[in-house]
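[1] Sharing a model that was predicted from the sequence below.
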There are 2 protein chains.
Amino acid sequence: MALIVQKYGGTSVGDPDRIKAVADHIARTARAGNQVIVAVSAMGKTTDNLIRLANDVTTKPAGGREMDMLLTAGERISIALVSMAVNDLGVPAVSFTGSQAGIVTDTEHGNAKIVEIRGDRIRAALDAGSVAVVAGFQGVSTAKEIVTLGRGASDLTAVALAAHFGADSCEIYTDVEGVYTADPRIVPTARKQQRITLEEMLEMAATGGRVLALRSVEYARNHGVKIHVRSSFTWAPGTWVTEENPDMEQAIISGVTHDISEAKVTIEQVPDQPGVAGKVFRSLADANCNVDMIVQNVSTQGHTDISFTLPKLDVARMEVVMAAIVAEIGAKGFQTDPDVGRVSLIGAGMKTHPGVAATMFETLANENINIEMISTSTIRISCVVRQHDVENAVRLLHDAFALGA
Amino acid sequence: MALIVQKYGGTSVGDPDRIKAVADHIARTARAGNQVIVAVSAMGKTTDNLIRLANDVTTKPAGGREMDMLLTAGERISIALVSMAVNDLGVPAVSFTGSQAGIVTDTEHGNAKIVEIRGDRIRAALDAGSVAVVAGFQGVSTAKEIVTLGRGASDLTAVALAAHFGADSCEIYTDVEGVYTADPRIVPTARKQQRITLEEMLEMAATGGRVLALRSVEYARNHGVKIHVRSSFTWAPGTWVTEENPDMEQAIISGVTHDISEAKVTIEQVPDQPGVAGKVFRSLADANCNVDMIVQNVSTQGHTDISFTLPKLDVARMEVVMAAIVAEIGAKGFQTDPDVGRVSLIGAGMKTHPGVAATMFETLANENINIEMISTSTIRISCVVRQHDVENAVRLLHDAFALGA
């Protein structure tokens, strides 16, 4: 008997008809002889609507304990409805809040980390022949408070449950058919991948691929969880995201991602002394600025320029910190540029294929797309370009590496 | 320092503006030097909307565990919003689900009974100077499942918390100004009562007065809780519902109530043998039929007629039971009459004033309103009449006892 974890996102359970379709699929999976744990997000726009209500009753945006109390109502509604609908098909199902599911976290409201899973109640439900329907995105803290795990964390709930119970697979149902070689809205010939590695998925999630949340992929990689990303609208087989299999032939490039949510910051004429960069990025980290790419050029005449990117949402906080730090370290100043975007090539195969970077830079140069920053990992190359060049760059690279259908 | 429990119903917290008005009142009460526990219902039509969703995903109306999981989302939303709004005014407030508030119940989903209140977390919040905002209508069962206490049970939550913490008063905020001598929509001269006894309130709740739920009044009487029914729209002083005070002058009649939610059933020619009535009403009780008034006439020729009333919602179940029982006891048959209504006079003062019943019957007879059933308690007289006579009967009795403004 296999144990399967299925996760359904907000659009998958967006209305009663969708919930009935999902319940039907869950019931089929159970009837086929599998034990099933289901993680569910809040229906459609529920979370956004609750946040709007919160903003309507307060003078300033609220977070923390009461916001978590509010938002967790969303998944409570969806787990109850999914359980009812599955029961209605004659397959027993029991709903569990994050707390009842034993998802124990630290005390950071709004962005709690899972510290332990106490799976007794879910285990008992499975042993009794029931489907366990678990609220995604939420848990109970070590201080017995209700917490949320951060946006998009329903994926994390599913992956963490799959890891804890040693599930045979973790099926992430969404409104797309799988992981594509590029965003199909930008590249009409983009192809669905049958299989990619967790490392590739990690790089994709970190560079703008919106299919899986970054934290859930990290968790899956750390715990060896096999993920199957697929559509709850067509139910067709999607993309398997698994550990690398050395026996399998590896495509050189598995996809092109892009991201326009970050801004570029350049600190000009930073004195070239030990400890300066540490000071800058420690101050930014202390102010909760999520710095992403960092590039430092070689020094000329005792000065260097340091550039980095960070989410546009963090720019206001960053500018307060930078105004102080620039004076402290004796730099000339800093400039924030929001009109940038990042294009990334990802592929485990590039490790053994030289020349990928050269092809990427040549492809962009041939179309007069200027590269402003470069950063690489063993399986990724990212270039920061002007924001208005991003979509064209994605299409050019998708063609250059023959990724299309 | 006084401890005040305040309960806000669904219309009182029906939208963000209402929630802000309620938060303002809570903050004022706290700033005046009181400890405050607040019990809150779900916003406006939330519960109805959730029930509609449940009916949309199942083929048959659902109850039980998953329905409780679903419905408790409603108060979760309102306690979080009320707490945020109170905090926003600079007064600390902490929300508690029924489970967190320590409202421990039996295991009857949908209609659980409170068995214990474990008040540590609320007590800690009060001691820390916070307002405690508690979800009405819900608790946690001895089996650690989430349960609801039955419709209208947010009043019960408030009264039970007031009893447990020895509150100085339990303020029930609603959309009317207090308890009236009759329904003002039917009797324009109906007067707001400044004060009535818990016994009178109990009889009113049982006979159609919609201001307080019956169970909450029973609980208040059993635990000596002082209730103040008042409006969250005008904030004007309302009606005090308290234990009888022998020193106070007592009005003879405190109000006229009416109810058209019940049907009348007559079992014809019941053999006049010991045990027959017991058999009938045991069978009805076993089928969860809430029988209300019962009238048996004196026997003639070895037969008698037995009439009773019960909620129209229970009629279908009742008819199944009666078909069997009529044959079993050898009665002639039974008839169901849904076109009836009940008019009741309530007043602790009637105990010491003879002639109230006579005046009531004469008043109705003078207008050719036929009385079909009568039942009495020491402080109440109820008459079943034709449904189309009900409103007129209420007005006539209100006049006859000079209850008007």
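    The structure has been received and is ready for your questions. Residues are numbered from 1 along each chain as shown, chains lettered A, B, ... in the order given.
[2] Report whether stretch A:130-137 contacts chain B.
    No. Stretch A:130-137 does not reach chain B (Cβ under 8 Å from any Cβ of the partner chain); its nearest approach is 8.9 Å. C-beta: built from backbone N, CA, C; applies to glycine.
[3] Buried ones in that stretch, by neighbour count?
    A:130-137 (16 or more other Cβ atoms under 10 Å in any protein chain shown).
[4] Return that stretch as PDB; C-alpha atoms alone will do.
    Only the C-alpha atoms of stretch A:130-137 are listed here, as PDB (Å, rounded to 0.1, in the frame of the first residue of the first chain):
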ATOM      1  CA  SER A 130      -9.500   7.700   6.500                       C
ATOM      2  CA  VAL A 131      -8.000  10.300   4.200                       C
ATOM      3  CA  ALA A 132      -6.400  13.000   6.300                       C
ATOM      4  CA  VAL A 133      -7.100  16.500   5.100                       C
ATOM      5  CA  VAL A 134      -4.600  19.000   6.600                       C
ATOM      6  CA  ALA A 135      -4.700  22.800   6.600                       C
ATOM      7  CA  GLY A 136      -1.700  24.000   4.700                       C
ATOM      8  CA  PHE A 137       0.300  27.100   5.700                       C
END
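[5] residue in the stretch 151-300 of chain A nearest to chain B?
    Taking Cβ to the nearest Cβ as the measure, the point where the stretch 151-300 of chain A comes nearest chain B is A:Ser232, at 15.2 Å.
[6] Provide the strand pairings for the lowest-mean-pLDDT helix or strand in chain A, with the direction of each partner.
    For chain A, the helix or strand with the lowest mean confidence is strand A:294-296, at a mean of 83 (criterion: mean pLDDT, DSSP states H and E). Based on DSSP bridges, the pairing partners of strand A:294-296 within the sheet are strand A:303-311 (antiparallel).
[7] continuing past the strand it pairs with, what's the next helix or strand?
    Toward the C-terminus, strand A:303-311 is succeeded by helix A:315-329 as the next helix or strand (DSSP states H and E).
[8] tell me the mean pLDDT over that following helix?
    Mean per-residue pLDDT for helix A:315-329: 93.
[9] Name the residues of the helix or strand just after that helix that are buried.
    Downstream of helix A:315-329, the next assigned helix or strand under DSSP H and E is strand A:333-337. In terms of neighbour count (16+ other Cβ under 10 Å), strand A:333-337 has its buried residues at A:Phe334.
[10] what packs against the following helix or strand past strand A:333-337?
    Along the chain past strand A:333-337, the next helix or strand (assigned with DSSP H and E) turns out to be strand A:340-346. If contacts are counted by 3 or more Cβ pairs under 8 Å, 6 or more residues apart in numbering or on different chains; DSSP states H and E, strand A:340-346 sits against helix A:198-206, strand A:255-259, strand A:262-271, helix A:356-366, strand A:380-386, helix A:390-400.
[11] Can you pull the residues of chain A lying near chain B?
    A:16, A:19-20, A:23, A:50, A:53-54, A:56-60, A:62, A:65-67, A:69-70, A:72-74, A:76-77, A:79-85, A:87-88, A:94-95, A:97, A:100, A:144, A:146.
[12] Swap in 7 Å and give it another go.
    Those residues of chain A that sit near chain B, judged by Cβ under 7 Å from any Cβ of the partner chain, are A:16, A:19-20, A:50, A:53-54, A:56-59, A:62, A:66, A:69-70, A:72-73, A:76-77, A:79-81, A:83-85, A:87-88, A:95.
[13] so A:Glu218 touches A:Leu202, yeah?
    Yes. When contacts are counted by Cβ atoms under 7 Å, A:Glu218 is listed as touching A:Leu202 (6.5 Å).
[14] quick one: which of those two has more around it?
    Residue environment comparison for A:Glu218 versus A:Leu202 gives the larger neighbour count to A:Leu202, 22 against 17, counting by other Cβ atoms under 10 Å in any protein chain shown.
[15] where's that one relative to A:Val384, distance?
    Between A:Leu202 and A:Val384 the distance is 20 Å, computed by Cβ to Cβ, to the nearest Å.
[16] How about A:Met204?
    Distance of A:Met204 to A:Val384, given as Cβ to Cβ: 17 Å.
[17] These two: which is more packed in?
    Shown here are A:Met204 and A:Val384; by other Cβ under 10 Å, A:Met204 has more neighbours (27 against 24).
[18] Run through the residues that contact that one.
    Taking Cβ atoms under 7 Å, 6 or more residues apart in numbering or on different chains as the definition of contact, the neighbours of A:Met204 are A:255, A:257, A:346.
[19] can you redo these as JSON lines with neighbour count, distance to A:Asp272 and pLDDT?
    Conversion of the contacts of A:Met204 to JSON lines gives the following (neighbours: other Cβ atoms under 10 Å in any protein chain shown; distance: Cβ to Cβ, whole Å; pLDDT from 0 to 100):
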{"residue": "A:Gly255", "neighbour count": "28", "distance to A:Asp272": "38", "pLDDT": "93"}
{"residue": "A:Thr257", "neighbour count": "24", "distance to A:Asp272": "34", "pLDDT": "95"}
{"residue": "A:Ile346", "neighbour count": "27", "distance to A:Asp272": "33", "pLDDT": "94"}
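[20] of all the residues you listed, which comes closest to B:Val40?
    A:Thr257 (45.5 Å; Cβ to Cβ).
[21] Isn't the closest one up against A:Arg210?
    No. Taking Cβ under 7 Å as the contact criterion, A:Thr257 and A:Arg210 are not neighbours in contact, 9.0 Å apart.
[22] can you list contacts of stretch A:338-353?
    Residues outside stretch A:338-353 that contact it (Cβ under 7 Å, 6+ apart): A:197, A:199-200, A:203-204, A:207-208, A:244, A:250-260, A:262-264, A:312, A:356, A:360, A:372, A:378-387, A:390, A:393-394, A:397.
[23] Stretch A:397-405 now?
    A:181-182, A:187, A:189-191, A:252-253, A:256, A:343, A:345, A:359-360, A:363.
[24] Quick one: which of these has the lowest pLDDT value?
    Looking at the contacts of stretch A:397-405 by pLDDT, the weakest one is A:Ile252, with 83.
[25] List the contacts of it.
    A:347, A:349-350, A:353, A:356, A:401.
[26] How about A:Glu328?
    Residues in contact with A:Glu328 (Cβ under 7 Å, 6+ apart): none are found.
[27] which residues of the stretch 1-150 of chain A fall in helices?
    Taking DSSP state H, counting those that start in this stretch, the helices of the stretch 1-150 of chain A run over residues A:16-31, A:46-57, A:64-88, A:120-127.
[28] in the longest one, what's buried?
    Along helix A:64-88, the positions that meet the burial threshold by neighbour count (16+ other Cβ under 10 Å) are A:65-88.
[29] pLDDT on it, on average?
    On average, helix A:64-88 scores 96.
[30] and that helix, what other elements does it pack with?
    In this structure, helix A:64-88 packs against helix A:16-31, strand A:35-40, helix A:46-57, strand A:93-96, strand A:131-135, strand A:146-148, helix B:46-57, helix B:64-88, with contacts taken as 3 or more Cβ pairs under 7 Å, 6 or more residues apart in numbering or on different chains; DSSP states H and E.
[31] Could I get these in TSV, plus columns for distance to B:Lys279?
    Below are the helices and strands packed on helix A:64-88 laid out as TSV (distance: least, Cβ to Cβ, whole Å):
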stretch	distance to B:Lys279
helix A:16-31	44
strand A:35-40	48
helix A:46-57	52
strand A:93-96	40
strand A:131-135	44
strand A:146-148	51
helix B:46-57	36
helix B:64-88	30
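[32] So, low pLDDT: which residues of the stretch 51-200 of chain A?
    A:61-62 (pLDDT under 70).
[33] Recalculate using a threshold of 80.
    Scanning the stretch 51-200 of chain A for pLDDT under 80 picks out A:60-63, A:151-152.
[34] Please apply the same query to the stretch 301-405 of chain A.
    Under the criterion pLDDT under 80, the flagged ranges of the stretch 301-405 of chain A are A:301, A:351-352, A:354, A:405.
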